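compute the structure for the input listed below.
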Amino acid sequence: MTAPQLPGGRAASGRAVFVNLAWLLSGRGVAAVLSLVYLGIVTRMLGPAGFGTFALILGVAQTIAAFVSFQVWQVVVRYGMGHLREGRHAALARLLKACFALDYGAAAFGCLIAAIGMPFAADAFGWAPELHWQALGVACGILLSARSALLGLFRLHDRFAQATAIDLVVPVVRLVGTGVAALVAPTLTVFLYVWVASELLASVTYWVKARPLLHGLGWRDAPLRSGLLREENPGFWRMALVTNASQTFALASRQGAVLLVGLVAGTLAAGRFRVAHQLGQALAKVGQMLSRALFPELVRAHATIEPHAFRRLVLRTAGASALAGVVIVLLLLVIGRPALALIAGPGFAAAYPLLVILGAAAVVDLVAVAFEPALYAVGRENVALTIQASVAVTMVCLMLLLLHLYGTIGGAVAMLCGSLLNVCVMGLAVSRTLRRH
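Below is the predicted model:
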């Protein structure tokens, strides 16, 4: 069977970014609406304290996942673009095998960390003994649902519409699951397992839909040899490790914010912080989708030696992100308070100041959305990593200080300061990069 080809062998374009983004945001729009419903169900059924425990258990699982997982979709796109364009199907198959091994090897290592560390987390947060085992099951389920390499495969082939449809499995399963649970058994355990089931079903669906692409590459006949992998993908291990560290600093510091709030201010505060953070992160996910749509086009522009196209893509995306950020801030100020009351209920009214601050942090992150993929596309991963590490360490230290001084408001301000520092330093790095290209 003929292997799938890079769509049209086309040049990079801003139009392609926004076509891909349109597909991503159409799915995100539906997912955002559904998430408001199922989040409202869970907060109302569990109450602030119960939701706080729910948030802390998910926070522990997601923080472990952030520490061990690799952003291998970027590795697949970075190296796979050339293999696909030049018809090196066996090389692409080996690349994918290596990335799958990283995905699931990291998941297995994360499960080991969870097994060792969960008793300490249970003691720190005062969980009942049975919650320790449930939290371990949640962590392992989330880790084993890894699908970053599969995301890379779909983005490599411009299958944004198909990937968007598959991603909707998560919110649909959560909506149906929380709805049924609310009627039958609205308990913390049931809601946790609904979350895990949604992630696992999405991962299985990705595998099913990826089979034709993998079969077309003849990947079963391409042996995975370390030496050959390094020869075909110069700098593979370096980039893989950098993306892991980048993921750790960028996500663990943010996912861990809820855990820090829980440790310092208690479970109730953690629940309110999680609601505000999750609503704010709904805005940040717009930026994540834009990053995923932009990165393949930046790689394509850089690979085909189109410096003007590269600069234009970065600058246009940054400008559009800034404009979108202004609109989001205005919406947040106008409808934030009634939206919070409608979604989460009166018990979370105190979270409105947190929502404003964390929403502002998400908007700042949105402005910087083009910066990291631009550095990755030109091979300056170390610069991006150094910036993210510095920002993450600064933010965590500031958060510990401000949480003790001002409570959850201080924690939210620390996250906003971290976002502002990141956009400033990343912006300077990208500005220097653009002057050289």
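
so residue 141 is in contact with residue 200, correct?
Yes: using CB atoms under 8 Å, residue 141 is in contact with residue 200, at 6.0 Å. No exception for glycine: its C-beta is placed from N, CA and C like everyone else's.

so where's the stretch 101-250 of the chain uncertain?
219 (pLDDT under 70).

quick one: the helices in it?
129-144, 148-156, 160-167, 169-184, 188-217, 226-232, 236-247 (DSSP state H, counting those that start in this stretch).

other SSEs contacting the third one?
In this structure, helix 160-167 makes packing contacts with helix 14-68, helix 148-156, helix 188-217, judged by 3 or more CB pairs under 8 Å, 6 or more residues apart in numbering; DSSP states H and E.

not counting sequence-adjacent ones, nearest residue to residue 237?
residue 230 (7.1 Å; CB to CB, 6 or more residues apart in numbering).

correct me, but the one you found touches residue 236?
Yes: counting by CB under 8 Å, residue 230 does reach residue 236; the two are 6.0 Å apart.

and these two? which has more neighbours close in?
Neighbours were counted for residue 230 and for residue 236 using other CB atoms under 10 Å; residue 236 has more, 19 against 13.

pretty sure the more buried one contacts residue 76?
No: when contacts are counted by CB under 8 Å, residue 236 is not listed as touching residue 76 (10.8 Å).

shared neighbours of these two, which are they?
residue 95 (CB atoms under 8 Å, 6 or more residues apart in numbering).

tabulate the helices of the stretch 101-250 of the chain (a markdown table), appending distance to residue 46.
As requested, the helices of the stretch 101-250 of the chain are exported to a markdown table (distance: least, CB to CB, whole Å):
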| stretch | distance to residue 46 |
| --- | --- |
| helix 129-144 | 13 |
| helix 148-156 | 30 |
| helix 160-167 | 26 |
| helix 169-184 | 10 |
| helix 188-217 | 6 |
| helix 226-232 | 47 |
| helix 236-247 | 29 |
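
quick one: which of these is nearest residue 108?
Among those, helix 129-144 comes nearest to residue 108, with 8.0 Å by CB to CB.

residues of the closest one that come out buried?
Across helix 129-144, burial judged by 16 or more other CB atoms under 10 Å covers 131-132, 134-144.

what is that helix packed up against?
Helix 129-144 packs on helix 14-68, helix 89-125, helix 188-217, going by 3+ CB pairs under 8 Å, 6+ apart.

hang on, isn't residue 178 packed against residue 41?
Yes: the pair residue 178 / residue 41 is scored as a contact, 4.4 Å apart, by CB under 8 Å.

can you count the residues close to the nearest residue to residue 210 once chain neighbours are set aside?
Excluding the flanking residues, the one nearest residue 210 by CB to CB, 6+ apart is residue 150, at 5.4 Å. Other residues near residue 150 come to 27 when the count uses other CB under 10 Å.

same question, the one 4 residues further on
Other residues lying near residue 154 total 24 when counted by other CB under 10 Å.

try residue 50
A count of neighbours around residue 50, defined by other CB under 10 Å, yields 19.

any idea how far residue 188 is from it?
The gap separating residue 50 from residue 188 is 6 Å, by CB to CB, to the nearest Å.

cool, residue 43 as well?
Residue 43 is 12 Å from residue 188, by CB to CB.

what residues does the residue nearest to residue 146 when sequence neighbours are not counted make contact with?
Nearest residue to residue 146, sequence neighbours excluded (CB to CB, 6+ apart): residue 103, at 4.2 Å. Applying CB under 8 Å, 6+ apart, we find residue 103 in contact with 69, 70, 72, 146, 147, 148, 149.

residue 201 is in contact with the fifth one, correct?
No: counting by CB under 8 Å, residue 147 does not reach residue 201; the two are 11.1 Å apart.

and the buried residues of helix 129-144 as a markdown table, adding distance to residue 408?
Formatted as a markdown table, these follow (distance: CB to CB, whole Å):
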| residue | distance to residue 408 |
| --- | --- |
| 131 | 23 |
| 132 | 26 |
| 134 | 26 |
| 135 | 23 |
| 136 | 27 |
| 137 | 29 |
| 138 | 24 |
| 139 | 25 |
| 140 | 30 |
| 141 | 29 |
| 142 | 25 |
| 143 | 28 |
| 144 | 32 |
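
list the buried residues of stretch 101-113.
102, 103, 106, 107, 110, 111.

again, but for stretch 193-206
Result for stretch 193-206 [16+ other CB under 10 Å]: buried residues 193-203, 205-206.

can you add distance to residue 414 and give the buried residues of stretch 101-113 back as a markdown table?
A markdown table is the format used below for the buried residues of stretch 101-113 (distance: CB to CB, whole Å):
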| residue | distance to residue 414 |
| --- | --- |
| 102 | 32 |
| 103 | 32 |
| 106 | 28 |
| 107 | 30 |
| 110 | 26 |
| 111 | 31 |
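
closest one to residue 341 out of these, please.
residue 110 (36.9 Å).

OK, contacts around the closest one?
64, 65, 67, 68, 69, 139, 143.

possible to save the helices and strands packed on helix 129-144 as a markdown table with distance to residue 375?
As requested, these are arranged in a markdown table below (distance: least, CB to CB, whole Å):
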| stretch | distance to residue 375 |
| --- | --- |
| helix 14-68 | 17 |
| helix 89-125 | 20 |
| helix 188-217 | 27 |
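
and of these, who's closest to residue 432?
Going by CB to CB, the one of these nearest residue 432 is helix 14-68, 22.2 Å.

state the number of residues packed around residue 231.
Neighbour tally, residue 231, other CB under 10 Å: 11.

one more: the one 10 residues further on?
As a burial measure, residue 241 scores 14 neighbours (other CB under 10 Å).

next: the one 5 residues further on.
Taking other CB under 10 Å as the neighbour definition, residue 246 ends up with a count of 23.

now it: how far from residue 75?
From residue 246 to residue 75 the distance is 12 Å (CB to CB).

now, of the contacts of residue 110, which are buried?
Neighbour-count burial (16+ other CB under 10 Å) applied to these gives 64, 65, 67, 68, 69, 139, 143.

test my guess that the last one contacts residue 63.
In other words, residue 143. No: Residue 143 is not in contact with residue 63 according to CB under 8 Å; the separation is 11.4 Å.

just checking, next helix/strand downstream of the helix or strand where residue 373 lies?
Secondary-structure assignment from DSSP states H and E places residue 373 in helix 371-377. Toward the C-terminus, helix 371-377 is succeeded by helix 381-406 as the next helix or strand (DSSP H and E).

how about residue 370, phi and psi?
phi -80, psi -10 (degrees, to the nearest 10).

adjust the sequence numbering to begin at 27 for everything that follows.
Happy to do that; since the first residue is 27 now, the last one works out to residue 396.
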